[in-house]
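>>> Structure, please.
(one chain, ligands or ions: 2)
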Amino acid sequence: MISILRRFEYMSIDASNGDQKRGPSPSPLRNSKFYQANMRILVTGGAGFIGSHLVDKLMENEKNEVIVADNYFTGSKENLKKWIGHPRFELIRHDVTETLLVEVDQIYHLACPASPIFYKHNPVKTIKTNVIGTLNMLGLAKRVGARILLTSTSEVYGDPLVHPQDESYWGNVNPIGVRSCYDEGKRVAETLMFDYHRQHGIEIRIARIFNTYGPRMNIDDGRVVSNFIAQAIRGESLTVQAPGTQTRSFCYVSDMVDGLIRLMEGENTGPINIGNPGEFTMLELAENVKELINPDVDIIMVENTPDDPRQRKPVITKAKELLGWEPKITLRDGLPRMEEDFRQRLGVPKK
Ligand SMILES: NC(=O)c1ccc[n+]([C@@H]2O[C@H](COP(=O)([O-])OP(=O)(O)OC[C@H]3O[C@@H](n4cnc5c(N)ncnc54)[C@H](O)[C@@H]3O)[C@@H](O)[C@H]2O)c1
Ligand SMILES: O=c1ccn([C@@H]2O[C@H](COP(=O)(O)OP(=O)(O)O[C@H]3OC[C@@H](O)[C@H](O)[C@H]3O)[C@@H](O)[C@H]2O)c(=O)[nH]1
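Ligands and ions are numbered 1, 2, ... in the order given. Next up, the predicted model:
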């Protein structure tokens, strides 16, 4: 029902512009006797870090049915265990580089490894996931008339020459570097989203996510916050990659999920930056983790990897004005929440 209403809204917007192009028709199954009025939502990559928190939030609404499609490359069933067997929840082992036939109203398309260690592990597969995976999900959105949200990334800005970054910046990306499979993959995914929108009338939403952290990150994920917290809990040295003055802006996962849902439910296609503008050097991050979690550990400098962006901080004016969104949880509030979860999983209680 909601899809059908949205389609009429869309067509009337087109008509007011004098444009003959129509949005896609919802599936004929919408008229079948088995049709349910609930919002049916597909979350690709829903077994991963952000995806599983998004699923938790979507499942809180009793009108939502949630389908997760994931190939478990970096995600796990463990992240979704409280929903397995729930009548409004389905989990499918599926690789988004293959087509998927489901009837849904909304698609949150997250499937893609996000940690540099994992996305560089099989770069060709990372590009396929971003390009063929996004094409497949857009094809699905077109067939069933669903709205689709892509989780793009601050990495589309590359090693930015403009600081802080707003959405009008086109970026500074090395097209042939070891990070390009991810950065350029996401840039093509954004292009595909806009081409399907312009050519086929698909309803799209693009979030440019900045570094996000929180409970359920893989302990050996390789990203900086999870590395430092696991190292501090294990009593190991915190490995700052040189020079340590490079910056990132860290967003707590519940703020991120709130931003993604607002974007999906709102009227703006984006791209919209979703991130926390609080900016820290990696040395400052290490000092915060040391102070809050284990003052006995050392901070050591180790070699960096190629093309590491030197600075990153979002301008979130668009998110504030268009979505009424801004992050609530500071880094110093978020780190202890993540520590609790890591201590439980590592089996190391706080002394
Ligand atoms: N966490 C961040 O800081 C961050 C920043 C920018 C963008 N993002 C984007 O947000 C999304 C989620 O990131 P995350 O941090 O939760 O990462 P994650 O690695 O924890 O989750 C990604 C999920 O996608 C699944 N997946 C990977 N390839 C797949 C494929 N071919 N088919 C089906 N499933 C596949 C993985 O198994 C995993 O469950 C990604 O699209 C990522 O690019 C994340
Ligand atoms: O142990 C470590 C790991 C990483 N780092 C540094 O910490 C910074 C952040 O590195 P991460 O691996 O956490 O993540 P990056 O910011 O490089 O990439 C991330 O960007 C946004 C998303 O799309 C992805 O989640 C990921 O690609 C880098 O400067 C890196 O050199 C350390 O100093 N020590």
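>>> mind listing the strands for the stretch 51-200 of the chain?
Ranges of strands in the stretch 51-200 of the chain, per DSSP state E, counting those that start in this stretch, are 64-70, 89-93, 106-109, 147-153.
>>> Quick one: mean pLDDT over the shortest one.
In this case it means strand 106-109. Per-residue pLDDT values over strand 106-109 give a mean of 98.
>>> and the gap between the residue nearest to M193 when sequence neighbours are not counted and V188?
In this structure, M193 finds its nearest non-sequential neighbour in I204, 4.6 Å apart by CB to CB, 6 or more residues apart in numbering. The way it works is simple: take the backbone N, C-alpha and C, and place the C-beta from them, glycine included. Note on I204: its distance to V188, by CB to CB, to the nearest Å, is 14 Å.
>>> so is E267 in a helix, a strand, or just coil?
What DSSP: H, G, I helix; E, B strand; the rest coil gives for E267 is coil.
>>> what's the neighbour count on it?
E267 is flanked by 10 other residues according to other CB atoms under 10 Å.
>>> just D258 next, same as before
Using other CB under 10 Å, D258 has 18 other residues around it.
>>> that's a helix at it, yeah?
Yes: applying three-state DSSP, one finds D258 inside a helix.
>>> Now do the SS call for the residue lying closest to it once chain neighbours are set aside.
Counting by CB to CB, 6+ apart, D258 lies nearest to W325, which is 6.6 Å off, once chain neighbours are set aside. For W325, the assignment made with three-state DSSP gives coil.
>>> Phi and psi next, for the residue nearest to M193.
phi -120, psi 160 (degrees, to the nearest 10).
>>> higher neighbour count, I204 and V188?
Set I204 next to V188 and count neighbours by other CB under 10 Å: I204 wins out with 23 against 15.
>>> need the contact list for that one.
Applying CB atoms under 8 Å, 6 or more residues apart in numbering to I204 gives the contacts R147, I148, L149, L150, M193, F194, Y196, H197, T269, G270.
>>> now swap in I67 and tell me
I67 touches R40, I41, L42, V43, F89, E90, L91, I92, V102, V104, counting by CB under 8 Å, 6+ apart.
>>> Emit the ChimeraX select command for whichever of these are buried.
Selecting only the buried entries of the contacts of I67 in ChimeraX, with 16 or more other CB atoms under 10 Å as the criterion:
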select :40,41,42,43,89,90,91,102,104
